[in-house]
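**Student:** Build me a structure from this.
(2 chains)
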There are 2 protein chains.
Amino acid sequence: MELLKERIRRDGTVKGNDVLKVDSFLNHQMDIALFEEIGREFLRRFADCGVNKILTIEASGIGIACVTAQSFHCPVVFAKKSQTRNIDGGVYVTRVESFTHGKVYDVIVSKKFLGPEDNVLIIDDFLANGAALEGLIDLVNQAGARLAGAGIVIEKAFQPGGERLRSKGVRVESLARVASMSEKDGVRFVD
Amino acid sequence: MELLKERIRRDGTVKGNDVLKVDSFLNHQMDIALFEEIGREFLRRFADCGVNKILTIEASGIGIACVTAQSFHCPVVFAKKSQTRNIDGGVYVTRVESFTHGKVYDVIVSKKFLGPEDNVLIIDDFLANGAALEGLIDLVNQAGARLAGAGIVIEKAFQPGGERLRSKGVRVESLARVASMSEKDGVRFVD
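**Tutor:** Numbering: from 1, shown residues only, chains lettered A, B, ... in the order given. Predicted coordinates for the structure are as follows:
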């Protein structure tokens, strides 16, 4: 998605060799007009899949998922990162290790909102090691739902998550695939 | 907002006398068509205010804020609930006590995304004791930004947050104001 790549080149900042800051438009301040274009692009890629539910994970996936859902005319469910008093006992649970935050946490979805009748598109802002995405796929499998695929805004293609999941047969569509990056040379994309 | 009240009556569930579960359409599974109506209603109420930025707090405010921002044609900033490695040092910080989760946490916004040039509409799903909303207002004040007001989806009007903030001069617009609720009698709205 050329518009997105241009935006990453212009407004993204590389820290060290593995942190890509896109907090001015993607995951802290959010450019909703860009999200609308992202949602339309995900629809182009998954239009033929009969998606009836979008699944994401708090927090930075939620905005992209909600705007994308307007293109798909379906509800969004966001997985939560730990049990709160307001969630019923009837939940699917999976464990996810966050490399960004350096900890392991439970990710849960209420059984009421994911089941065998669902054909799920997973949406998230980043794919790197693939831990969060694998956790969401585990929740889809626990629910007996069908997985249409995963729509990712930015994939760090130099990290192993994307290839590992594709090799397992998961359809992963990433709108910008970063081949390499550095503070000195900026971001280089795949292709 | 009658559509919202009907939905709460139909799909909301009261637990004890102070928990209103609306997780089937508002804050776990999210009905995006309803969010679009909510966004248009917030625009009707704040159309004359020159809002150029929407501020919310993770996680459940984000979806409503993003869809509302489509009506206002402005970006969204979401405040984060603890410092992560991916945030620069230059942040506004406030402390918020969560009654839902029974703990106190830091809420932060990068100084890059909130400043004196901003005229801010705060959006959140719930207002009860007002702790989260007061924290967000503190961040707006720290930034030297103007506060247009707060758009709340559901206010527990039997708890003190809304009245305390209105008495301080904050314009709080709540789309559904719950006067009282119980497992036996369900939800009764103000008016």
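
**Student:** Every contact and neighbour count from this point should use C-alpha atoms.
**Tutor:** Will do.

**Student:** how deep is the closest residue to residue A:172 other than its chain neighbours tucked in, by neighbour count?
**Tutor:** Nearest-residue entry for residue A:172: residue A:150, 4.8 Å, with adjacent residues in sequence omitted and distances by CA to CA, 6 or more residues apart in numbering or on different chains. Other residues near residue A:150 come to 26 when the count uses other CA atoms under 10 Å in any protein chain shown.

**Student:** ok, now which ones touch the residue nearest the centre of chain A?
**Tutor:** For chain A, the residue nearest the mean C-alpha position is residue A:124 (1.3 Å; CA atoms, centre = their mean). Listed by CA atoms under 8 Å, 6 or more residues apart in numbering or on different chains, the contact set of residue A:124 reads A:56, A:57, A:60, A:61, A:62, A:64, A:65, A:133, A:150, A:151, A:152, A:153.

**Student:** let's see 10 Å
**Tutor:** Residues near residue A:124 by CA atoms under 10 Å, 6 or more residues apart in numbering or on different chains: A:55-65, A:132-133, A:150-155, A:174.

**Student:** likewise residue A:162?
**Tutor:** Each residue near residue A:162 by CA under 10 Å, 6+ apart is listed here: A:127-130, A:133, A:152, A:155-156, A:170-174, A:177.

**Student:** Spell out the secondary structure type for it.
**Tutor:** Under the three-state scheme (DSSP: H, G, I helix; E, B strand; the rest coil), residue A:162 adopts helix.

**Student:** Let's see the pLDDT reported for it.
**Tutor:** pLDDT for residue A:162: 98.

**Student:** that older thread, in strands only, show me the contacts of residue A:124.
**Tutor:** The strands, defined by DSSP state E, take in A:55, A:56, A:57, A:150, A:151, A:152, A:153, A:154, A:155, A:174 from the contacts of residue A:124.

**Student:** who wins for most neighbours among those?
**Tutor:** Within the ones in strands among the contacts of residue A:124, most neighbours by other CA under 10 Å means residue A:151, with 30 neighbours.

**Student:** Show the average pLDDT along the longest helix along chain A.
**Tutor:** Looking across chain A with DSSP state H, the single longest helix is helix A:32-46. Helix A:32-46 shows a mean pLDDT of 98.

**Student:** Any buried residues in that helix, and which?
**Tutor:** By neighbour count with 16 or more other CA atoms under 10 Å in any protein chain shown, helix A:32-46 contains the buried residues A:32-43, A:46.

**Student:** hmm, it touching chain B?
**Tutor:** Yes. Using CA under 10 Å from any CA of the partner chain, helix A:32-46 comes into contact with chain B via A:32, A:33, A:34, A:35, A:36.

**Student:** Would you map the strands across chain A?
**Tutor:** In chain A, the segments counted as strands under DSSP E are A:13-15, A:19-21, A:29-30, A:53-57, A:76-79, A:91-98, A:103-110, A:119-127, A:146-156, A:172-182, A:186-189.
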